[in-house]
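Novice: Here's my sequence, what's the structure:
(chains A, B, C, D, E, F, G and H)
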Protein chains: 8
Amino acid sequence: MQALRQRHPVVMATRIEPDVYEQVRSHLPEALYYESARICALAPLNLVPWQPGTLGILSAGTADLPVAEEAAITAELSGFRVQRLWDVGIAGLHRLLKHRDVLYQADVLVVVAGMEGALPSVVAGLVDCPVIAVPTSIGYGASFNGLAPLLTMLNSCAAGIGVVNIDNGFGAAILAGQILRTAGRLSQSGSH
Amino acid sequence: MQALRQRHPVVMATRIEPDVYEQVRSHLPEALYYESARICALAPLNLVPWQPGTLGILSAGTADLPVAEEAAITAELSGFRVQRLWDVGIAGLHRLLKHRDVLYQADVLVVVAGMEGALPSVVAGLVDCPVIAVPTSIGYGASFNGLAPLLTMLNSCAAGIGVVNIDNGFGAAILAGQILRTAGRLSQSGSH
Amino acid sequence: MQALRQRHPVVMATRIEPDVYEQVRSHLPEALYYESARICALAPLNLVPWQPGTLGILSAGTADLPVAEEAAITAELSGFRVQRLWDVGIAGLHRLLKHRDVLYQADVLVVVAGMEGALPSVVAGLVDCPVIAVPTSIGYGASFNGLAPLLTMLNSCAAGIGVVNIDNGFGAAILAGQILRTAGRLSQSGSH
Amino acid sequence: MQALRQRHPVVMATRIEPDVYEQVRSHLPEALYYESARICALAPLNLVPWQPGTLGILSAGTADLPVAEEAAITAELSGFRVQRLWDVGIAGLHRLLKHRDVLYQADVLVVVAGMEGALPSVVAGLVDCPVIAVPTSIGYGASFNGLAPLLTMLNSCAAGIGVVNIDNGFGAAILAGQILRTAGRLSQSGSH
Amino acid sequence: MQALRQRHPVVMATRIEPDVYEQVRSHLPEALYYESARICALAPLNLVPWQPGTLGILSAGTADLPVAEEAAITAELSGFRVQRLWDVGIAGLHRLLKHRDVLYQADVLVVVAGMEGALPSVVAGLVDCPVIAVPTSIGYGASFNGLAPLLTMLNSCAAGIGVVNIDNGFGAAILAGQILRTAGRLSQSGSH
Amino acid sequence: MQALRQRHPVVMATRIEPDVYEQVRSHLPEALYYESARICALAPLNLVPWQPGTLGILSAGTADLPVAEEAAITAELSGFRVQRLWDVGIAGLHRLLKHRDVLYQADVLVVVAGMEGALPSVVAGLVDCPVIAVPTSIGYGASFNGLAPLLTMLNSCAAGIGVVNIDNGFGAAILAGQILRTAGRLSQSGSH
Amino acid sequence: MQALRQRHPVVMATRIEPDVYEQVRSHLPEALYYESARICALAPLNLVPWQPGTLGILSAGTADLPVAEEAAITAELSGFRVQRLWDVGIAGLHRLLKHRDVLYQADVLVVVAGMEGALPSVVAGLVDCPVIAVPTSIGYGASFNGLAPLLTMLNSCAAGIGVVNIDNGFGAAILAGQILRTAGRLSQSGSH
Amino acid sequence: MQALRQRHPVVMATRIEPDVYEQVRSHLPEALYYESARICALAPLNLVPWQPGTLGILSAGTADLPVAEEAAITAELSGFRVQRLWDVGIAGLHRLLKHRDVLYQADVLVVVAGMEGALPSVVAGLVDCPVIAVPTSIGYGASFNGLAPLLTMLNSCAAGIGVVNIDNGFGAAILAGQILRTAGRLSQSGSH
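Specialist: Sure thing, here's the model as predicted:
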């Protein structure tokens, strides 16, 4: 991490358990730890969004939070503004529908869901912006460690969904950031 | 079919292609054919619902119709009243939500869906009655001939869903009929 | 659990190991624990069946008991009368057949089986009421953590079986409850 | 076939469709064809069982007959007495139970079943003799071309079952023949 | 198609084989057919890109072209400028590397590959823009109809890749279009 | 075990780890423990083969021994004479071929193999007696916990092999015992 | 093919069915066709091995011949001497063992097998040279289109086996050629 | 190990964890331990390459090192010269391309990669020598413990790749050694 720090304003590592962080901190006292996201980072303290665009991140259930937070913290450390919408799974549609304004205002949406993983399809049917779907390994039995939501998301009847690996909140945030940066470049280049 | 007819008021066969029906009709001119459901039946002509309860049948897409109709015709030939709700997949939630009254009035719901197969979860989150989920082999690629919607339905975050085999509209209707007949037995037994 | 308690007469949590219960009890001394079912509940003490209909629950082997008890306790906490029939797997048909009266008197049957998972098919061939099949992860080798009984149940040659996720005793009981409540509504509505 | 005939009293080929047989017959007019078993054979005309022991062969459904007949004809051409018990699937246990005497009199049982494939388990629970289980590719959807009954048979809770490949009626008959011939060797060796 | 045409400037249908198109043309003589993409469309004749941004589309092999063209024509009919880069699979890296300028100038890349499906990973390691990966069913044996490249793309060691279903060129183009349109919204919202 | 003992001369339990045995022994000091087979038994001390026929048991590698010993001890406790042939895997054919006499003298063979699981095929090509194949979970990577040898054995090009579940040494011995007992009955009945 | 011909002494295409070859021949009368290998080639007529080393190619069954011939013809067109050993599957070990001299004289062995696919393991246990294993899709049921022999070969207990894709005779021959050419380079470089 | 030592100049065991080595060392103080490769060996101290040819070993990521080192140490203990190229995964092609000279100078390449496992395809497109591909179980989610890179390598669009089992660095080195020794035999036989 120290080596990377010379070249990057923000350095981060994912899937860091608390005991590993303790070891890191003994060498790098300024290392930050985001427990729910299991992310350890070296970052400037006054972290504010400095990149254009808003990323909306949804999680279907509370058990999906570690993956959703991994996406959220990664995006925030990358300089993006994040809107969180937790526990809006499709078994209670009203919880999702009452936050439609958040969905409409986001420029990109990352949707995290385990078990049957149907939330991205429902969301993509409601919005026009790109949707990045993250299956999680939350579930049991026939979820087969995330295979079920992965297949659900790949087979979505709603077009405009890009899927990342099971539990890959980090990858979803990186893709979302590339989308927002592309948009920023495009809108500044005046090519239209 | 002729042998079965001696003992049953209604005799039916599923998965009958038109050319097979033509062969049947040459021997049994009174045989009826329900083309969309691919069902051939020997049934009294004036078929009216004579059993209590209403069965709501939903299909996510138009390609799921043969399976949904197999369920519908099976139920009607079994003496039940059927409410059809076709093409109400989750990519356009408004199509489903504007028919909420149909959902609320049904005593049992059979929900047929291919591709990602998420419709039963959404429906089960809206109603209190039993939901029977039928995955279909509609889809391509990672749907693996219906494996994707089958796993989706088994992992539903909404409780109260019973799943049948891929494309098994017949089995879903039989189970729905047994549920509705349970009501008849219960009310006669005076156990409440 | 305390929050849920304000709104519901009975609050329950599944898959609670004894040490987790000990933590719960230190905060909620009135919490009950059903060890074989691994269920922790806040419920009125004088729990009697107050809903019409009887739920029969069968388990194929003794190792399937935790899942079968999860279904049984869930149903009883939901207000239903439960008839238990443990260890009636098909390797010894006589054990099942000598309890035929229990099968015939039930309004809904939940059948729990691991390994080859054939019990629901045999039972559904004997009765007319709805059968809810619960595959368990009991077994080894080619059971693939419950995949074998899951496929068995989905492919049953006996119609009228609804399948739930592997080890999902809770979901089976909820579905059974919805079936019984539907029957109650139907028989009271006098629509027949 | 002509080459093999020099060395063997009976020569047979499995999985022969009628049009292939027509070609064979044009060269070998004495070739016999067993249509239901899809077997073509060169055999002495007055075929009688000359080997000790009786082989019972059961099929669960009528669609399993080609595989069951492949086993039966293979065994008869190998010189064994065969008892056929067709269409005794577990959805109607009484059909099986009323033929218990056939089961008890057989020295080896070959049990052929598709769909959920549970018949061998039920049979093995009733008898003491060796049971050879043959899964078939009969079924659809989640039977995955015979994977479901194959897993069922491998996971049987009844011990004493040997499983062969999907649709392998021939292999089951060969194994049954080897078991019966073991008796001949044993009685001659005087080891008991 | 005629109904849809009232409401949309461009109407298209994918996976249209030539004989189906012939039927369509007999009713709608103005229907266009893009044979390599198997797309049938009702579109204004003078089709020019009118939306900002450039979409680069790569295919690994010539056998992947139908899917790549499905993506390209869908994007062009949606109003986007498309840069095609065909047959640049990783077995001959120089073919890809000599077109690096095309990669750098694109705002979004759609990368289509069958067999081992590694092209998106290599491309994502070279560029900063969003990459949409499309596995195809091209291959044989252990490609398992596209499962192999699908898994490859989901496990990419290069972050910033969104994956769509096997052979889903259409979905990739829709997602690419949504990404490019995000730029338009961003620049109008003045949020940067 | 105490209850079973009243009715059976020998009582045994498989998959007993040493610490479980210690618990058993504290209650039943006469309980025997076969460590390599992980079997605990209550058996008469002077155990001699009293049933006709010899069972040959082969293991491919030393890591397969626990399963092979489970089969061997089960057979010996059932009263059969057992010939062990350990570590005769096909990578060194000479080890197998120099023991051909053991193969020829056995009445039934149980062949235990993990990894690629090809030993039963080679053995069945050498002998005429029934072969029971036991796949083991020994291996790593693409053995997928025994799936690889299981498939190998089911697809054997040598006829006359019955397969049991992965690691199921007990079931193989029970089936072998039924074969030998059938042979004994047949040879005594004088039906030949 | 004409374009490739300018740059290569031999041009070949695999998986060419006879009717496709007829089309090719109408344009390129000098095109050769190897029917059993389904290979079409433009090659000098007097084809003799001009590269050092001998490639031994084995096939387990006669049904594996198209794949084995694809390997053999590819190697011969590449300039290598090929020793064919057909129909030496492990169910009849003597057929293989009587050709041990061929095995010992080869510099590289390509071993083609379907069904259980165990031949490469047996061969690799007999020789010291590199073995290239080619699983074929020959088989049925639990061979799952070549998955069974593929897994067998990957899990071989004999070290020194490299596996190629199912039915990939071409790839095996290319790899064998690279091994032989490496040997040629090494032996000429005098590095030893 | 002591027994093997009598007959072999070098004796080695793979997958030895440090605590197992400690036990070995207490009996065999001269046993060497290669920690990163998890190999324990009895070898002459002054180990120098004495066999002709150079083996290049590449690893895609740092997490693949234990498998890559297992291959490297195995090859070195077998007497071969090894060139290591660590952490040259395809997400950063420049890391690989700047070491092209190492690739060109090697006589055989072993390429170790987890996650998407595409490195062997890229490498095989750059060189002419044999490539042995080793998938590793490094990854998560849809890598399914190494299934993803295994399929990638089997489906490589670059010909001339032989694949070994997941994590099987040892087997790859043995195969590489056999390839290099083939050269020695070839040059001595004077067959060219």
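Novice: Find the nearest non-adjacent residue to the residue positioned nearest the centre of chain A, please.
Specialist: By Cα atoms, centre = their mean, chain A has its centre lying nearest to A:Ala71, at 2.7 Å. Distance criterion Cβ to Cβ, 6 or more residues apart in numbering or on different chains; nearest residue to A:Ala71, sequence neighbours excluded, is A:Gly169 at 3.7 Å. Every residue, glycine included, has its C-beta placed from N, CA and C.
Novice: ok now stretch A:147-164, how far from the chain's centre?
Specialist: Stretch A:147-164 sits 16 Å away from the centroid of its parent chain (Cα atoms, centre = their mean, to the nearest Å).
Novice: do it and chain D meet?
Specialist: No: using Cβ under 8 Å from any Cβ of the partner chain, stretch A:147-164 stays clear of chain D, coming no nearer than 13.9 Å.
Novice: Per the annotation, how does chain A divide into domains?
Specialist: A:2-42, A:54-187 (automatic domain parsing).
Novice: gap between the longest one and the chain center?
Specialist: When you say that, I think you mean domain A:54-187. Distance of domain A:54-187 from the chain centroid (Cα atoms, centre = their mean) equals 7 Å.
Novice: coming back round to it: test my guess that the residue nearest to A:Ala71 contacts A:Ile132.
Specialist: No: with contact defined as Cβ atoms under 8 Å, A:Gly169 does not count as touching A:Ile132 (10.1 Å).
Novice: that older thread, what is the subsequent helix or strand relative to the helix or strand where the residue nearest to the centre of chain A lies?
Specialist: In this assignment (DSSP states H and E), A:Ala71 forms part of helix A:65-77. Tracing the chain past helix A:65-77, the next element assigned as helix or strand by DSSP H and E is strand A:81-85.
Novice: neighbouring contacts of that following strand?
Specialist: Identification of contacts with strand A:81-85 by Cβ atoms under 8 Å, 6 or more residues apart in numbering or on different chains yields A:49, A:53-59, A:68, A:72, A:75-76, A:96, A:99, A:102-103, A:105-106.
Novice: Could I get the buried residue list for it?
Specialist: A:81-83, A:85 (16 or more other Cβ atoms under 10 Å in any protein chain shown).
Novice: Just give me the closest of these to F:Ala113.
Specialist: A:Leu85 (53.7 Å; Cβ to Cβ).
Novice: Let's verify the residue nearest to the closest one when sequence neighbours are not counted: helix, strand, or coil?
Specialist: Using Cβ to Cβ, 6+ apart and skipping the chain neighbours, the partner closest in space to A:Leu85 is A:Leu58 (4.5 Å). Judged by DSSP: H, G, I helix; E, B strand; the rest coil, the three-state class of A:Leu58 is strand.
Novice: Does A:Leu58 touch A:Leu119 like I think?
Specialist: Yes: counting by Cβ under 8 Å, A:Leu58 touches A:Leu119, with 6.5 Å between them.
Novice: model confidence over stretch A:38-50, on average?
Specialist: Stretch A:38-50 shows a mean pLDDT of 81.
Novice: Give me the distance between that stretch and the centre of its chain.
Specialist: 16 Å.
Novice: ok, now how distant is A:Leu32 from chain B?
Specialist: A:Leu32 sits 33 Å away from chain B, going by Cβ to the nearest Cβ, to the nearest Å.
Novice: any chance you could map the strands in chain A?
Specialist: A:11-13, A:32-34, A:39-42, A:54-59, A:81-85, A:108-113, A:131-135, A:161-163 (DSSP state E).
Novice: Of the domains of chain A, flag the one that's most buried.
Specialist: Mean neighbour count (mean count of other Cβ atoms under 10 Å in any protein chain shown) peaks for domain A:54-187 among these, with a mean of 25.
Novice: orientation of the longest helix along chain A relative to strand A:108-113 in degrees?
Specialist: As assigned by DSSP state H, the longest helix anywhere in chain A is helix A:169-189. Taking axes from the mean of the first three to the mean of the last three Cα atoms, to 10 degrees, helix A:169-189 and strand A:108-113 form an angle of 170 degrees between their directions.
Novice: what's helix A:169-189 packed up against?
Specialist: Judged by 3 or more Cβ pairs under 8 Å, 6 or more residues apart in numbering or on different chains; DSSP states H and E, the packing partners of helix A:169-189 are strand A:54-59, helix A:65-77, strand A:108-113, strand A:131-135, strand E:161-163, helix E:169-189.
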